[in-house]
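Asks: Quick one: sequence plus predicted model below, questions after.
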Amino acid sequence: MVSKLEKISSPTFVVLKKAVEANIHHFKQKAQFNNLTLRPHFKTHQNNTIAKQFYDLGIRNIAVSNIAMAEEFSHFQWDNISLAFPFNIREIDKLNKISENTQITILVESIETLDFLNQNLINTIGVYIKIDAGYNRTGISYKNTAMVQQLINKIEESDKLILKGLLSHFGNTYSAKSKEEVISIYSISISLIEQLRQGLDQAYNNIPISVGDTPSVSIVDDFGNVDELRPGNFVYYDWMQYKIGSCELNQIAAVMICPIVAKHNDRLQIIIHGGAVHFSKEGYSENNEIRYGQAVNMDNDLSLSLIADTFIKSISQEHGIVQCTEDSFGKFEIGDLMVFIPIHSCLTANLMKLDIEFV
């Protein structure tokens, strides 16, 4: 472990800058090769240092989860910021303010929201129509062509709204257990959106399509008739993405480092200061048990290697219980630091925004 990290005394989220840059560069090249716009989702990192890496590598369109996040990153002068979440009409004043100097695109999925926007918007904004292609979280069903066309007509009639296209998120890929399953989910979902698009009035048969989830964008090579990719997790990756097959170990760009506070020989368990308030409580099922983080070695060159059968077995607010083998248990002492790959880096990064190191 590099000397800078040896000084860590409390749970710390550590970002590997070269791996981040390599991930951004790879996805930018992949988008360019397919003649697509890369619009990375910033909800994963929520960090200005990472934002600058994107900007310096030529990225000019981004996605965020809310207006507060848009405000945080607006000083970079992006060409466009997309609020990739159904617009909350209670934030109309904030939308009017930020859209004075920033090009904003929002998501809608109801006539009610469009009517409200037409009555209350001050500035012109772009609009994507949110489509549900089978994930069943939110959006207009791909089956409801008439409703989508109704929203299109409403947007086109407005002097404050600019139609940008159809947008969907294939979040069901995160439950996939193989690359083949990810490709299948993507192919089915895209075909359903294309079916919807061809059912619209002829003038909209080529309306732009924006999609984005890290498993699909990592694994799929042929994206079909889409125009924009909006992955977010790829900037760091995590244990879930590694197990799905989205990344290699050397692409994982963020880890948690936690101090050891106790050891229990009879159970081959290590107690770390690192709990749900640091990692989140999202787990990943392996071998019929839930795991909350995978232990790894970190060499001086920042390369990672797995510590076999050593993982966070359970988690409470501040405690993490690490299940070890006899071999791994004997290699750590109270006061040592352990390194873990988070299960879901988006949630861990959000919790650890104030306790972050870059190496």
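Replies: Nice, thanks for sending it over.

Asks: List of residues touching stretch 109-117?
Replies: 86-87, 89, 92, 108, 125, 127, 129-130, 138-140, 150-151, 154-155, 158, 160-161 (CB atoms under 8 Å, 6 or more residues apart in numbering). Just so you know, the C-beta spots here come from the backbone N, C-alpha and C atoms, and that holds for glycine as well.

Asks: I'd say residue 200 and residue 150 touch.
Replies: No - taking contacts as CB atoms under 8 Å, residue 200 lies outside contact range of residue 150: 10.7 Å.

Asks: ok so, going back, could you flag which of the contacts of stretch 109-117 are buried?
Replies: 87, 92, 108, 125, 127, 129-130, 139-140, 151, 154-155, 158, 160-161 (16 or more other CB atoms under 10 Å).

Asks: quick one: the helices in this protein?
Replies: 3-6, 17-33, 48-56, 67-73, 92-98, 111-120, 145-157, 179-198, 214-219, 239-244, 276-279, 326-330, 345-351 (DSSP state H).

Asks: Quickly compare those helices and say which is most buried.
Replies: helix 214-219 (a mean of 26; mean count of other CB atoms under 10 Å).

Asks: quick one: contacts of that one?
Replies: Contacts to helix 214-219, defined as CB under 8 Å, 6+ apart, come from residues 27, 30, 170, 173-174, 176, 179, 182-183, 185-186, 229, 231-234, 237, 241, 244-247.

Asks: Give me the below-cutoff pLDDT ranges for the stretch 1-150 of the chain.
Replies: The model of the stretch 1-150 of the chain has no residue with pLDDT under 70.

Asks: hmm, 80 instead?
Replies: Applying pLDDT under 80 to the stretch 1-150 of the chain picks out residues 1-3.

Asks: May I have the predicted confidence score for the residue lying farthest from the centre of the chain?
Replies: Relative to the mean C-alpha coordinate of the chain, counting by CA atoms, centre = their mean, the farthest residue is residue 266 (39.3 Å). Per-residue pLDDT puts residue 266 at 97.

Asks: hmm, back to that, out of the buried ones among the contacts of stretch 109-117, who's nearest residue 98?
Replies: Checking the buried ones among the contacts of stretch 109-117 against residue 98 by CB to CB gives residue 125 as the nearest, at 9.7 Å.

Asks: got the contact list for the nearest residue to that closest one once chain neighbours are set aside?
Replies: Once flanking residues are discounted, residue 125 sits nearest to residue 104: 5.0 Å by CB to CB, 6 or more residues apart in numbering. Applying CB under 8 Å, 6+ apart, one finds that residue 104 lies in contact with 70, 80-83, 95, 98, 125-126.

Asks: of all the residues you listed, which two lie farthest apart?
Replies: Applying CB to CB across these, the maximum distance is between 80 and 95, 14.3 Å.

Asks: re earlier: any idea how far the residue farthest from the centre of the chain lies from residue 329?
Replies: 11 Å (CB to CB, to the nearest Å).

Asks: cool, and residue 63?
Replies: Counting by CB to CB, the gap from residue 63 to residue 329 is 43 Å.

Asks: With residue 69 instead?
Replies: From residue 69 to residue 329 the distance is 42 Å (CB to CB).

Asks: among the contacts of stretch 109-117, which are in strands?
Replies: Using DSSP state E, the subset of the contacts of stretch 109-117 located in strands is 86, 108, 125, 127, 129-130, 140, 161.

Asks: so which pair among these is furthest apart in space?
Replies: The span of those, defined through CB to CB, is set by 125 and 140 at 19.3 Å.

Asks: Who does residue 284 form a beta bridge with?
Replies: residue 291 (DSSP bridges).

Asks: Please tell me how far it sits from residue 149.
Replies: From residue 284 across to residue 149, the span is 41 Å (CB to CB).
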